[in-house]
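*Asks:* Next one to model:
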Amino acid sequence: MKKQIRQSYLALGVSITATTLLLSGCAGSDTVGEPLGDPISGGTLTYATGEVEPSCLDPVVSGNVSQALVSTQYLESLFFQDDNGEIQPWLAKSWKWSDDRLSLEVTLRDDVTFTDGAPLNASTITANVAHIKDPATRSSTARLAIEKVTSVDELDSHTARINLSEPDNALLEQFSQAWVPIESQAALSRGVDENCLAPVGTGPFKVDSWQKQQQITLTRNENYNTAPPNSDHTGVAYLDKIVWRFLPDDTARFAALQSGEVDVIDVIQPQDVVAAQSDPSLKTLIGSRPGQVVNLTFNTTRAPFDDVKVREAFVRSVDVDAALTSIFLGTVPRTNSMLSSVTKFSRQDPQGFATDVDHANQLLDEAGWTQRDSDGYRIKDGNRLSAKVVQASIVLIPVPILEQFQASAKNVGIELNISQVEPAAFWTTLSAWDYDLAPLYYSKNSPAVLNLTNDSSHVDPVFAGGFHSNSNGLKSEESVELDTVLRAAAVTANETERGQLYDKAQQIINSQYLHLPIYDQQTRLGFRSDLAGVRFISPLSMPTFYDTWLDRS
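*Replies:* Presented below is the predicted three-dimensional model:
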């Protein structure tokens, strides 16, 4: 998924438990809100999100968390990836790789109909791949996910062969994530703009209406028959309706939950988690997301961070643990890996990212920044050692954390300027490479996220003026070695070798100090205690309300 900045900073995360969840009221399960009796059908759930309102309800267009959250309720995927990372059938009934692994033959279920009446068939796969590949769609996340797909052959009414330019051992993972859903071919034929208003899927709910800047209304799919493998029941959803409201103000959103005006909120703040834990009318559900963690990415294409010694000096100068403890009230431990704790082959490197002010000073001396000006900042050739971190009001890393980093960096002579911009300007700034540090993450249910965020082939944007998934920009002898390892990891059919290669890639990335990992991404929910069956669905820890019902009888 594209690195989506969001309202406030609570896409938080870390390694939490063996089940990857931190739960209030029902620890040890991925479902919270245990029922008092048998499920009751009917009623309306009101969800208040702190995420930015999507500009399009089709997650193929752009590909952001705010889209995935809502689209999970009405769109489904070819495959299902369980909590152990194993692939299971969903809309696809079975699949088979060719001997050369350059094609994947997919057999679809023959009993599935979209909510507009269109059948799921081989033509559906052709239409969806074309939709993603079409430049007019302006897809980034989905387009990158299937960049190796070259064509689709329709072998019979319910069998499609997906052809590749080279083997891709992450392809099944790609087709199991929210940003590569399967949509009605009839709906796609309406064009991108109309499809954005009300995408059509096979999910338990369907888009009824969208009042922009207010809410999206979803209604139950009365013909639903594709329950995910980890669900508690089959058949239609219990809820009649979901009202998806946009409440960006953190205080107002939590107050609405406390009063019962809304049933569920996301982006719940640390102090509100503490308050909810002492309130019997409320519960919380928090889970780590897979992919690249929340981090500060260094722009290596310009000074001062074109020098690896300066990059490491910055990392060694800041105290991430202290900042997280003070700002997040000790609820969010740090990570020392660029892969989240729930992503396969995640490699922790606490020594590599440990605070060491003496070493930071030594590195800066070695890099030639030996003098200081009257303000205490290092200078070389008459230039101050200064760096800009770009920050938006909806960015993942809050200003107070950046201010603590600012103070720590000053102690070793680095000036860190915090440039606060509007959300649209954030992406424009990144596209133009007009930053030295950028707070980013990338949700993806595969270690292949490293290929997107660190392979030099992804330094260029997906389309002109658009998003570039590699935001460190490294192009050097070290990037050649990294590219070689990442590309080998992407094509090998041997899972053991794949793990070894991704471990090697992480060692190279860490040794070059291309990023400062801070914490896992998280989905953080608060909800009313009389809501039963609230759960996350794999693989991206998005909430699903298929099993949810109102325990209010």
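
*Asks:* Mind listing residues that contact stretch 115-127?
*Replies:* Here stretch 115-127 makes contact (Cβ atoms under 8 Å, 6 or more residues apart in numbering) with 74, 78, 91, 106, 108-109, 112-114, 152, 154-160, 162, 182, 184-189, 200-202, 206, 221, 223. For the C-beta atoms, the positions are set from N, CA and C on the backbone; glycine is no exception.

*Asks:* are any of those buried, and which?
*Replies:* Listed as buried from those are 74, 78, 91, 106, 108-109, 112-114, 152, 158-160, 162, 182, 184-185, 187-188, 200-202, 206, 221; burial here means 16 or more other Cβ atoms under 10 Å.

*Asks:* mind listing which of those are in helices?
*Replies:* When the buried ones among the contacts of stretch 115-127 are checked against helices (DSSP state H), the matches are 185, 187, 188.

*Asks:* pretty sure the first one is touching residue 128, no?
*Replies:* Yes - at 7.4 Å, residue 185 and residue 128 qualify as touching, with contact defined as Cβ atoms under 8 Å.

*Asks:* Could you pull up the contacting residues of the nearest residue to residue 282 once chain neighbours are set aside?
*Replies:* Distances taken as Cβ to Cβ, 6 or more residues apart in numbering place residue 276 nearest to residue 282, at 4.1 Å, with adjacent residues excluded. Residue 276 is in contact with 24, 268, 282, 283, 284, 526, counting by Cβ under 8 Å, 6+ apart.

*Asks:* on that earlier part again, taking the buried ones among the contacts of stretch 115-127 one by one, which sit in strands?
*Replies:* Cross-referencing the buried ones among the contacts of stretch 115-127 against strands under DSSP state E gives 106, 108, 152, 159, 160, 162, 206.

*Asks:* how about those residues in JSON lines, adding pLDDT and distance to residue 389?
*Replies:* As requested, those are arranged in JSON lines below (pLDDT from 0 to 100; distance: Cβ to Cβ, whole Å):
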{"residue": "106", "pLDDT": "98", "distance to residue 389": "44"}
{"residue": "108", "pLDDT": "98", "distance to residue 389": "47"}
{"residue": "152", "pLDDT": "98", "distance to residue 389": "43"}
{"residue": "159", "pLDDT": "98", "distance to residue 389": "51"}
{"residue": "160", "pLDDT": "98", "distance to residue 389": "46"}
{"residue": "162", "pLDDT": "98", "distance to residue 389": "41"}
{"residue": "206", "pLDDT": "98", "distance to residue 389": "42"}
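
*Asks:* Now for residue 495, how many residues are close by?
*Replies:* By other Cβ atoms under 10 Å, the residues close to residue 495 number 11.

*Asks:* Also residue 375?
*Replies:* Counted by other Cβ under 10 Å, the residues lying close to residue 375 total 10.

*Asks:* check which helix or strand covers it.
*Replies:* For residue 375, there is no helix or strand it lies in under DSSP states H and E.

*Asks:* List the contacts of it.
*Replies:* Shown in contact with residue 375 (Cβ under 8 Å, 6+ apart): residue 415.

*Asks:* Let the chain start at 38 from now.
*Replies:* Done: numbering now begins at 38, and the last item shifts to residue 412.

*Asks:* Quick check: phi and psi at it.
*Replies:* phi -90, psi 0 (degrees, to the nearest 10).

*Asks:* What separation do you get for the residue nearest to residue 259 when sequence neighbours are not counted and residue 570?
*Replies:* Of all residues not flanking residue 259 in the chain, residue 273 sits nearest, at 6.0 Å (Cβ to Cβ, 6+ apart). The gap separating residue 273 from residue 570 is 14 Å, by Cβ to Cβ, to the nearest Å.

*Asks:* So which of the two has more stuff around it?
*Replies:* Remark: of residue 273 and residue 570, residue 570 carries more neighbours, 23 against 18, as counted by other Cβ under 10 Å.

*Asks:* Could you report the separation of the more buried one from residue 443?
*Replies:* As judged by Cβ to Cβ, residue 570 and residue 443 stand 44 Å apart.

*Asks:* cool, and residue 564?
*Replies:* The spacing between residue 564 and residue 443, counted by Cβ to Cβ, is 36 Å.

*Asks:* domain assignment for this structure?
*Replies:* Annotated domains of the chain cover 38-95+103-108+240-326+559-590, 112-232, 328-557 [automatic domain parsing].

*Asks:* ok, which stretches of the stretch 138-287 of the chain are strands?
*Replies:* Ranges of strands within the stretch 138-287 of the chain are 140-145, 186-193, 196-201, 242-248, 252-257, 278-283, based on DSSP state E, counting those that start in this stretch.

*Asks:* In the sheet, which strands lie alongside the longest one, parallel or antiparallel?
*Replies:* To tie it back to what came earlier, the one meant is strand 186-193. Using DSSP bridges, the strands paired with strand 186-193 are strand 196-201 (antiparallel).

*Asks:* likewise the fourth one?
*Replies:* Taking DSSP bridges as the criterion, strand 242-248 forms sheet pairs with strand 252-257 (antiparallel).

*Asks:* How are the helices of the stretch 238-387 of the chain distributed by residue range?
*Replies:* With DSSP state H, counting those that start in this stretch as the criterion, the stretch 238-387 of the chain has helices at 287-296, 307-314, 345-354, 357-364.

*Asks:* Send me the second one as PDB with only the CA atoms.
*Replies:* Below are the C-alpha coordinates for helix 307-314, written out as PDB (Å, rounded to 0.1, in the frame of the first residue of the first chain):
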ATOM      1  CA  PRO A 307      -2.900   6.800  23.600                       C
ATOM      2  CA  GLN A 308      -4.600   8.800  26.300                       C
ATOM      3  CA  ASP A 309      -7.900   7.600  25.000                       C
ATOM      4  CA  VAL A 310      -6.800   4.000  25.100                       C
ATOM      5  CA  VAL A 311      -6.000   4.500  28.800                       C
ATOM      6  CA  ALA A 312      -9.400   6.100  29.400                       C
ATOM      7  CA  ALA A 313     -11.200   3.300  27.500                       C
ATOM      8  CA  GLN A 314      -9.500   0.600  29.500                       C
END
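
*Asks:* So which bits of that helix are buried?
*Replies:* 307, 309, 310, 313.

*Asks:* from these, which is closest to residue 213?
*Replies:* The closest of those to residue 213 turns out to be residue 310 (Cβ to Cβ; 29.6 Å).

*Asks:* okay but that closest one is in contact with residue 559, surely?
*Replies:* No - between residue 310 and residue 559 there is no contact under Cβ under 8 Å: 11.0 Å.

*Asks:* list residues touching both of these two?
*Replies:* Common neighbours of residue 310 and residue 559 (Cβ under 8 Å, 6+ apart) are residue 323.

*Asks:* Which stretches in the stretch 388-537 of the chain count as strands?
*Replies:* 408-409, 415-417, 420-421, 423-429, 452-458, 474-480.
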